[in-house]
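Asks: heads up, no residue letters with this:
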């Protein structure tokens, strides 16, 4: 049931032209093989859709991010870190029941502008509490861990009609996140990598490959251009930049690449550090700093994409939630239900969507966690269907195999 706004990642003797060396260089996140990627053909309906998947690794406390202040059992369970609707550092009320963490004013603004939405009491099909396995399920799109080495977002990309829709994707980070691994072409970008060396060094490397492997040299040349597009004076960390500032810089560079006419239309990036077992903090503290960075990253996507923001959906997901009751170190342990956040000009926002299960002990999952009432796959299916026109059968059999019983959530994209 769905209601609205209340009760809703060399061997020194190896030949420089060997396949494995080529793979390292072409797969490296800085010298991206941009020249090898198919280009984008604008959709027949005039839309220019983009999708960004942001993975929060470590398990986000959904009850602290979007607090069910209207639930009479919330304050007692979350204790000293519970958010309140009044007083210093008051939470940002989204409606009469749910309130947003005060460290996220940009998301709150997008929500008021109907360009952001919250889906609460969400989980993957995974019901244990291992970060490794939970992240595997989240990114592979399979019901259980350890089954494949490809991700659902790559399989979605591979399933798109050739020549009509998005034909490449951007992975941000030193390694491609599992969600983007697979047969479909991707390009990688790492904010700090080889291009940080002197430009003369990069040019010498290109000259070496120009004689040994002209095709690779051309790709490296294109990769330098790609990195320059993402970099610039505004990408230099300011003195004292913390993790929150780093999130903004990563999003800023990714947005520049995805805003280009011939740039990737699908992107994936991951932010680590969301495991808040101790000293989580309430309206201020560790989690607040993390959420501030996420909030800033969403704002960077909005400003960096410019006019492209209108056709963009950013989805923020995590492997599982955290316990409803705080522990003895003012933190929360591994849980189950959590939130998914949507932002973008294409989002049908201004809503908290949840079939709210309640926080009475009898209603908690295993008497400790927010009980999930929405399958995360339903959310991603709905977004992929509305943004890129993927058929429900393809979503159920290829993108998220063996998930026919999980129907796409309708109406998330306007």
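Replies: Alright, I've got the coordinates. Predicted model only: the values in this text are computed from it and were never measured. Numbering: from 1, shown residues only.
Asks: please, where are all the strands along this structure?
Replies: Secondary structure of the chain, counting by DSSP state E: strands at 50-56, 66-67, 92-93, 99-100, 116-123, 169-172, 186-189, 266-271, 312-318, 338-343, 351-353, 374-375.
Asks: TSV please, covering those strands and showing mean neighbour count.
Replies: Backbone N, C-alpha and C define where each C-beta goes, glycine included. Converted to TSV, the strands of the chain look like this (neighbours: other CB atoms under 10 Å):
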stretch	mean neighbour count
strand 50-56	25
strand 66-67	28
strand 92-93	18
strand 99-100	24
strand 116-123	26
strand 169-172	27
strand 186-189	26
strand 266-271	25
strand 312-318	24
strand 338-343	27
strand 351-353	24
strand 374-375	20
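Asks: nearest to residue 143, of these?
Replies: For residue 143, the closest of those is strand 374-375, at 10.1 Å, according to CB to CB.
Asks: sheet partners, orientation included, of the closest one?
Replies: strand 116-123 (parallel) (DSSP bridges).
Asks: circling back to that earlier point, with respect to residue 383, which of the strands of the chain lies nearest?
Replies: Across the strands of the chain, residue 383 has its closest neighbour in strand 312-318 (5.5 Å, CB to CB).
Asks: who's in contact with that closest one?
Replies: Counting by CB atoms under 8 Å, 6 or more residues apart in numbering, the neighbours of strand 312-318 from elsewhere in the structure are 49-60, 62, 138, 274, 294, 298, 301, 305, 338, 340-347, 376, 379-380, 383, 387, 412-413.
Asks: and that strand, what's its mean pLDDT?
Replies: On average, the pLDDT along strand 312-318 is 98.
Asks: show me the contacts for the closest residue to residue 319 other than its chain neighbours.
Replies: Counting by CB to CB, 6 or more residues apart in numbering, residue 134 is the residue found nearest to residue 319 once chain neighbours are left out, at 3.4 Å. The neighbourhood of residue 134, defined by CB under 8 Å, 6+ apart, consists of 59, 124, 126, 128, 145, 319, 320.
Asks: quick check, central residue of the protein?
Replies: The residue at the geometric middle of the chain, judged as the C-alpha nearest the mean C-alpha position with CA atoms, centre = their mean, is residue 54 (1.0 Å).
Asks: against residue 325, how distant is the closest residue in space to that residue that isn't next to it in sequence?
Replies: If you skip the residues right next to it in sequence, residue 54 has residue 316 as its closest partner in space, 4.6 Å away by CB to CB, 6+ apart. As for residue 316, its distance to residue 325 is 24 Å (criterion: CB to CB, to the nearest Å).
Asks: so which elements touch the biggest helix by length in the chain?
Replies: The helix spanning the most residues in the chain, taking DSSP state H as the definition, is helix 286-305. With contacts taken as 3 or more CB pairs under 8 Å, 6 or more residues apart in numbering; DSSP states H and E, helix 286-305 sits against strand 50-56, helix 105-112, helix 243-259, strand 266-271, strand 312-318, strand 338-343.
Asks: name the residues of the third one that are buried.
Replies: Meaning helix 243-259. Of the residues in helix 243-259, those scored as buried under the neighbour-count criterion (16 or more other CB atoms under 10 Å) are 244, 246-259.
Asks: nearest to residue 180, of the helices and strands packed on helix 286-305?
Replies: Each of these has some distance to residue 180 by CB to CB; the shortest is strand 266-271, at 4.8 Å.
Asks: what strands line up against that closest one, and which way round?
Replies: Using DSSP bridges, strand 266-271 pairs in its sheet with strand 50-56 (parallel), strand 169-172 (parallel).
Asks: worst mean pLDDT among these?
Replies: Taking each of these in turn, the lowest mean pLDDT turns up on strand 169-172, with a mean of 90.
Asks: any idea what the closest residue to residue 254 other than its chain neighbours is bridged to?
Replies: The shortest distance from residue 254 to any residue that is not its chain neighbour, by CB to CB, 6+ apart, is 5.1 Å, and that residue is residue 172. Judged by DSSP bridges, the bridge partners of residue 172 are residue 189.
Asks: surely residue 172 touches residue 250?
Replies: Yes. Residue 172 is within contact range of residue 250, at 6.1 Å (criterion: CB atoms under 8 Å).
Asks: check contacts around residue 145.
Replies: Contacts of residue 145 (CB under 8 Å, 6+ apart): 126, 130, 132, 133, 134, 136, 137.
Asks: could you rerun that using 7 Å?
Replies: Counting by CB atoms under 7 Å, 6 or more residues apart in numbering, residue 145 makes contact with 133, 136, 137.
Asks: ok, so of those residues, who is nearest residue 97?
Replies: Of all these, the one sitting nearest residue 97 is residue 137; the distance, using CB to CB, is 29.5 Å.
Asks: hang on, isn't the closest one packed against residue 128?
Replies: No. Applying CB atoms under 7 Å, one finds residue 137 not in contact with residue 128, separated by 9.4 Å.
Asks: those two: who's more crowded?
Replies: residue 137 (25 against 12; other CB atoms under 10 Å).
Asks: what's the closest non-adjacent residue to that one?
Replies: residue 126 (4.2 Å).
Asks: what does residue 370 give?
Replies: The spatial neighbour of residue 370 that comes closest, neighbours along the chain excluded (CB to CB, 6+ apart), is residue 337 at 3.4 Å.
Asks: do you know the pLDDT at the one you found?
Replies: 98.
Asks: what sits against residue 151?
Replies: When contacts are counted by CB under 7 Å, 6+ apart, residue 151 is found next to 139, 140, 141, 178, 179, 180, 181, 182.
Asks: using TSV, please lay out those together with neighbour count, distance to residue 82 and pLDDT.
Replies: Listed next are these as TSV, based on neighbours: other CB atoms under 10 Å; distance: CB to CB, whole Å; pLDDT from 0 to 100:
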residue	neighbour count	distance to residue 82	pLDDT
139	27	31	97
140	25	35	97
141	29	34	97
178	25	34	95
179	27	33	97
180	28	37	95
181	21	39	95
182	22	42	94
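Asks: need these in JSON lines with distance to residue 168, can you?
Replies: Formatted as JSON lines, the entries for the contacts of residue 151 read as follows, by distance: CB to CB, whole Å:
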{"residue": "139", "distance to residue 168": "19"}
{"residue": "140", "distance to residue 168": "21"}
{"residue": "141", "distance to residue 168": "19"}
{"residue": "178", "distance to residue 168": "18"}
{"residue": "179", "distance to residue 168": "15"}
{"residue": "180", "distance to residue 168": "11"}
{"residue": "181", "distance to residue 168": "14"}
{"residue": "182", "distance to residue 168": "13"}
